[in-house]
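[1] give me a 3D structure for the following:
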Amino acid sequence: MNIHEYQAKEILKSFGVAVPNGQLAWTADQAVGAAKELGGSIWVVKAQIHAGGRGKVGGVRICKSLGDVNKAAGALLGSVLVTKQTGAGGKEVGKVYIEEGLDIAREFYLSLLVDREQACISFVASPAGGMDIEEVAATQPEKIQTFPIRDIQAYDTSKMAMFLGLDGGAVAQFDSLVRKLYQMFVAQDAAMLELNPLVLTNSGDLVALDAKFVVDDNALYRQEGISAMRDLSEEDPREIEAAKFGLNYIQLDGNIACMVNGAGLAMATMDMIHMKGSEPANFLDVGGGVTIPAVTEAFKLLFSDQHVKAVLVNIFGGIVRCDIIAQGLLEAIKTHPMNVPVVMRLVGTNEEVGQALVKGAGLNVYWADDLDEAASIAVKVIA
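    This is a model prediction of the structure:
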């Protein structure tokens, strides 16, 4: 689950990490009032959306007067920001965060993530933080380094500090910061924490100028405080609806919808669609103990997506029964007609029953015996 920058900073602050002072605003007048209360002569107005890359599309604005704050907030609120992470539809800005301006000497990149390959938490660091970190990764990969951490020692933090080019009192500050971030990451069941940039001010302080925080969905039951921060307006309504039925659904940008059982098989199906020359419209894993109502909802989601030109059903039934998939389809079309071609591979438990149900309903379905054939047909029928 994603949360907003201002929420991530609230959590960082609770663990003793330095962040700029700031206030949330829903109107331009509130933004001006927040700037007055914060004091100073420079403020930063930041759009609050669940996506990175805001700075490159005008979502972060430096203001040198209260009039500038009013103008920036008024321009951002209600606007739609389109970044690399939002997709073509973008995200509407419903609130802005007003922060005090800082006197910045240097910018760094620092993140923590669950490193499954190393079976630990790893820090990723770069002395070239800021808006162009993706370009740095592509053109100067030597400026980004990963540091696997299993039990934080002074050696680990000093090695990172040296890579970042820190010296003097900043090294001790960095050691303390790394330990606090690690503690927060574990305590809050995080999946990813990114500070970009982490800045060193001209007064010698390390401050988290920006923060992105992602929590492991599987741990939300024990993270009530973070669960309460969920902003449904930032999430795809289809993904929200799918979650109510225990479906693992993620909207993508392609035009061939997928319904698969098992995350690994779903990934393979998406890869095969790509290899055949098209792109998947979604990731949809119905899971092992799926029910007819859940399958029905899954088909409704796929049939109601206007970007979908074909549906590929790839079921290798073990725990999942093929007849349940078939019955879910028959229920769904009562309210959501099959207006696009459907390619089905139903193999495994009760496959004969499932296939007979679909064929008996007289539906215009293309049948395939394996994934390669199914993907080929799906790409061909939309050509």
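[2] just name the shakiest helix or strand of the protein by mean pLDDT.
    None of the helices or strands of the chain scores lower by mean pLDDT, DSSP states H and E than helix 237-244, at a mean of 83.
[3] neighbouring strands - and their directions - for the helix or strand following that helix?
    The helix or strand immediately downstream of helix 237-244 is strand 248-251, counting by DSSP states H and E. Strand 248-251 pairs in its sheet with strand 282-285 (antiparallel), by DSSP bridges.
[4] now what about the strand it pairs with, what contacts it?
    Residues outside strand 282-285 that contact it (C-beta atoms under 8 Å, 6 or more residues apart in numbering) are 242, 247-252, 254, 257-263, 266-267, 270, 298, 301-302, 305. Using the backbone N, CA and C atoms, a C-beta is placed for each residue, glycine as well.
[5] which parts of the helix or strand hosting Gly67 are buried?
    Using DSSP H and E, Gly67 sits in helix 66-76. Neighbour-count burial for helix 66-76, counted by 16 or more other C-beta atoms under 10 Å, picks out 68-76.
[6] who are the packing partners of it?
    Helix 66-76 is packed against helix 28-38, strand 43-47, strand 60-63, strand 96-100, with contacts defined by 3 or more C-beta pairs under 8 Å, 6 or more residues apart in numbering; DSSP states H and E.
[7] look up how far Arg238 lies from the nearest residue to Leu81 once chain neighbours are set aside.
    Excluding the flanking residues, the one nearest Leu81 by C-beta to C-beta, 6 or more residues apart in numbering is Gly59, at 4.9 Å. Using C-beta to C-beta, to the nearest Å, Gly59 is found at 25 Å from Arg238.
[8] which one's more surrounded, the two?
    Neighbours were tallied for Gly59 and for Arg238 using other C-beta atoms under 10 Å; the higher tally belongs to Gly59 (23 against 19).
[9] wait, doesn't the more buried one sit right on Val93?
    Yes: using C-beta atoms under 8 Å, Gly59 makes contact with Val93 at a distance of 7.4 Å.
[10] okay, and the common contacts of the two?
    Here Gly59 and Val93 have 47, 49, 76, 81 as joint contacts, going by C-beta under 8 Å, 6+ apart.
[11] and the gap between the first one and Asn248?
    Spelled out, it's Ala47. Ala47 is 29 Å from Asn248, by C-beta to C-beta.
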